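Next come a sequence and a model predicted from it.
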Amino acid sequence: MKITASLSAEQVEQFHERGFLSVPTITTAEEVAWIRGMYDSLFDRRAGWESGDFYDFAGVDHGAAVLPQLLEPSRYEPALKQTLFRTNAHAIAMQLLGPSAELVFEHAMMKPARTGGETPWHQDEAFFPKFTNYHSITFWMPLQHVDTRNGCLDFIPASHKRPILPHRSIGDDPRIHGLEALGADGASKVSCPLQEGGATIHHFRTLHHAGPNLSDEPRRAYALGFGVRSREYTVREEFPWNAQKATARKLRADASTTTLQRTIRRLKDSAKSMLLGI
């Protein structure tokens, strides 16, 4: 698919200085509507529930989800691999990270109408499991207009230049997947409303947050993460807040993993340990 979006030198500089960027156009309104149809179907049928890919970000993952999310949605809708959004995001990622930038994660997030709660301040790096060996940026694209009433993203400028903050499970409850940063000060936050077809881009250490959805419609968002492999950024030990997790999502994921897959995973982890001298 032909690339239709790129950053100016000024935008590249702004991203590296502030740790985030808002771009008004990364795809067409027509493609957003097309993605929205697939997205709604995935969430309606709770695709990936059994494998742990579908889960509640902010609740204990039983019954109705407070903030439902889906990991790797293109696993369940392969057409998502062929979007203009992905093509343009990859091209911009190479501008910001270099030619070796590659897709490293993908997920979809929903805030239900009127009940979709706040997403606490956090840094994406805090979710990285042991042996993650890349630094990354996230492209966050809403599937409808977003503003402060329905949960647009807020960022703390230049927070990516400081060390990662301690985090904990939301409400200090290890049954909950989501994390909240301790000591985050949102006094200097910048809110980024967007129209359909726009997106925000943020560094994996930039503190960000989204308010509740007070509107009468779901707030849908689709995110792609691109990274560059780096020994410098390798997570060598499990973050303590992740080591304490006891989520229903993890239990489902573990139960759906075959013995062969678990063996392969252990071998990969062992190989990584040897390569990294851990």
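Received the coordinates, thanks. Numbers count the residues shown, from 1 in each chain.

ranges for the strands of the stretch 101-250 of the chain?
102-111, 119-122, 134-142, 153-155, 167-169, 179-181, 190-192, 199-203, 208-210, 219-229 (DSSP state E, counting those that start in this stretch).

Make JSON lines from those strands and add distance to Met1, mean neighbour count and mean pLDDT to it.
All C-beta spots, glycine's among them, are computed from the backbone N, C-alpha and C. Putting these into JSON lines (distance: least, Cβ to Cβ, whole Å; neighbours: other Cβ atoms under 10 Å; pLDDT from 0 to 100) gives the following:
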{"stretch": "strand 102-111", "distance to Met1": "14", "mean neighbour count": "20", "mean pLDDT": "97"}
{"stretch": "strand 119-122", "distance to Met1": "31", "mean neighbour count": "21", "mean pLDDT": "97"}
{"stretch": "strand 134-142", "distance to Met1": "16", "mean neighbour count": "24", "mean pLDDT": "97"}
{"stretch": "strand 153-155", "distance to Met1": "26", "mean neighbour count": "24", "mean pLDDT": "98"}
{"stretch": "strand 167-169", "distance to Met1": "37", "mean neighbour count": "20", "mean pLDDT": "98"}
{"stretch": "strand 179-181", "distance to Met1": "34", "mean neighbour count": "22", "mean pLDDT": "98"}
{"stretch": "strand 190-192", "distance to Met1": "26", "mean neighbour count": "18", "mean pLDDT": "98"}
{"stretch": "strand 199-203", "distance to Met1": "16", "mean neighbour count": "26", "mean pLDDT": "98"}
{"stretch": "strand 208-210", "distance to Met1": "28", "mean neighbour count": "25", "mean pLDDT": "97"}
{"stretch": "strand 219-229", "distance to Met1": "14", "mean neighbour count": "22", "mean pLDDT": "97"}
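
what's the closest of these to Ile26?
Among these, the nearest to Ile26 by Cβ to Cβ is strand 199-203 (4.4 Å).

What are the contacting residues of the closest one?
15, 19-23, 26, 85, 89, 92, 96, 124, 137-142, 153, 155, 160, 192, 194, 208 (Cβ atoms under 8 Å, 6 or more residues apart in numbering).

give the contact list for Leu251.
Gly52.

which one is His90 nearest to, not counting chain neighbours?
Closest residue in space to His90, ignoring its immediate chain neighbours: Phe226 at 6.4 Å, by Cβ to Cβ, 6 or more residues apart in numbering.

typed the wrong thing, it's Arg36
In space, Arg36 is closest to Leu143, 4.4 Å off (Cβ to Cβ, 6+ apart).

what's the burial count for that neighbour?
Using other Cβ atoms under 10 Å, the number of residues around Leu143 comes to 21.
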